[in-house]
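**Student:** sequence unavailable; structure follows:
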DNA sequence: ATTAACATACAGGCTGTATGCATGCAACAG
DNA sequence: CTGTTGCATGCATACAGCCTGTATGTTAAT
């Protein structure tokens, strides 16, 4: 039996309660989806009441957004760790791509960030979350690489958008049970081929 | 005022009622999302009661699936029309890609098929709907083109999956207000570059 | 006569809000 | 520096409204 220790600062209480709610929401939403997860269930799993949930978050959607922010930050951190600033541009681009796939392989992340997230929060809000957490972006990586090659046949912003979509789909395919190495190599070759300077 | 004509066969009644429900659901879900659309609203918009809705469809989710099937079939038909069987493989591949973007430019389709659909029905069910309606697939087009070039550096199934993701994202970007021609040309160049045989 | 095509009524569950209570905490008094 | 006082914070409980799915009743086609 867990006994509430009689002396806890308000900051501590808030911290533990918020974390418990975020963890509970993540677990249940990954398992049953956003719509299939009720706030009574979340509160019960977190060992608090719905009162605590609605004290710390504006509504169910706001709790979900907080879950996604935590998740997006974790993904961004994994990519940062894999691409130190000293790394050459092309190497960083490929390493970052693989790091993204690895980060998204944490169970539930694809469902949270790529499926339920866009439907519940909308594409704009998801884009804002991504933008807020990914420091060195794919677009910057492409710019660094393609500046050298002098290739201008595809505008880089559009290219970054399309490649990022391919990465997302690769992550989904891997989570769905496809052979990870098939998609890892496919993503690497796709990037290589796309940034390769046109001969002549 | 619309007066129910006194003599209508059951087949006619079913047809008109089902169509009215599908149209109403499509309109409202495109506007407010699946979760933001209630069955009372749908029934009201279709000028019937919820009884009719639950008579023709197992539940709200089943109605939504029927909406998506109709939508997916319309997309597939537009692509078929743009790629007659006599067309050379590479030309058909590029024409089909553009036809997909055009088809997905019909307002609401990206939300239905790419955002709410996967979240509500799940990725598997969406994949099944796509598979059931698209006759000549992207994968077949790639196989036809790349068989000639003899290029095997990326497995074609994985490549088809990744390219299709890029197409989807392009469609979303266009619906979100990006310049359509930027993404049309980006998609064309992406396909060209990916299927281009490696020199040597 | 039977069945299809609905309309109406009902039960349970969920969301968000309003309200109440206990505890931390800051300021001031002594 | 300590005790008291008053407010804010953290949370639990109760309530209102809506929504979904089902059960039941009624009319019209076959």
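**Tutor:** That came through fine. Note that the coordinates shown come from a computational prediction; the quantities given were computed from them, not determined experimentally.

**Student:** okay, CA-based contacts and neighbour counts for the rest of this
**Tutor:** Will do.

**Student:** buried sites along whatever helix or strand residue A:96 lives in?
**Tutor:** Residue A:96 is part of helix A:89-104 when elements are defined by DSSP states H and E. For helix A:89-104, a neighbour-count test (16 or more other Cα atoms under 10 Å in any protein chain shown) marks A:89-90, A:92-104 as buried.

**Student:** for it, what does the pLDDT average out to?
**Tutor:** Across helix A:89-104, pLDDT averages out at 97.

**Student:** can you list contacts of it?
**Tutor:** A:74-75, A:78-80, A:82-84, A:110, A:138, A:141-142, A:144-145, A:167, A:170-171, A:184, A:187-188, A:191 (Cα atoms under 8 Å, 6 or more residues apart in numbering or on different chains).

**Student:** likewise for stretch A:112-126?
**Tutor:** A:29-30, A:33-34, A:61, A:65, A:68, A:71-72, A:111, A:168, B:115-116, B:118-119.

**Student:** does DNA strand C have contacts with that stretch?
**Tutor:** No. Using Cα under 7 Å from any atom of the strand, we find that stretch A:112-126 stays clear of DNA strand C, coming within 11.4 Å at best.

**Student:** quick one: average confidence on stretch A:126-141?
**Tutor:** Mean predicted confidence for stretch A:126-141 is 91.

**Student:** list the buried ones in stretch A:181-192?
**Tutor:** A:182, A:183, A:184, A:185, A:186, A:187, A:188, A:189, A:190, A:191.

**Student:** now it: how far from the chain's centre is it?
**Tutor:** Distance of stretch A:181-192 from the chain centroid (Cα atoms, centre = their mean, to the nearest Å) equals 20 Å.

**Student:** could you name the helices and strands sitting against the lowest-mean-pLDDT helix or strand in chain A?
**Tutor:** Here the helix or strand of chain A ranked lowest by mean pLDDT, DSSP states H and E is helix A:138-149, holding a mean of 89. Taking 3 or more Cα pairs under 8 Å, 6 or more residues apart in numbering or on different chains; DSSP states H and E as contact, the helices and strands that helix A:138-149 lies on are helix A:89-104, helix A:156-175, helix A:180-195.

**Student:** switch the cut-off to 7 Å
**Tutor:** helix A:89-104, helix A:156-175 (3 or more Cα pairs under 7 Å, 6 or more residues apart in numbering or on different chains; DSSP states H and E).

**Student:** residues in contact with the residue most central in space within chain A?
**Tutor:** In chain A, the centroid-proximal residue (Cα atoms, centre = their mean) is residue A:72; its distance is 3.6 Å. Residue A:72 makes contact with A:130, A:133, according to Cα atoms under 7 Å, 6 or more residues apart in numbering or on different chains.

**Student:** is DNA strand C contacted by whichever helix or strand it is part of?
**Tutor:** In this assignment (DSSP H and E), residue A:72 forms part of helix A:60-82. Yes. Helix A:60-82 reaches DNA strand C (Cα under 7 Å from any atom of the strand) through A:60, A:61.
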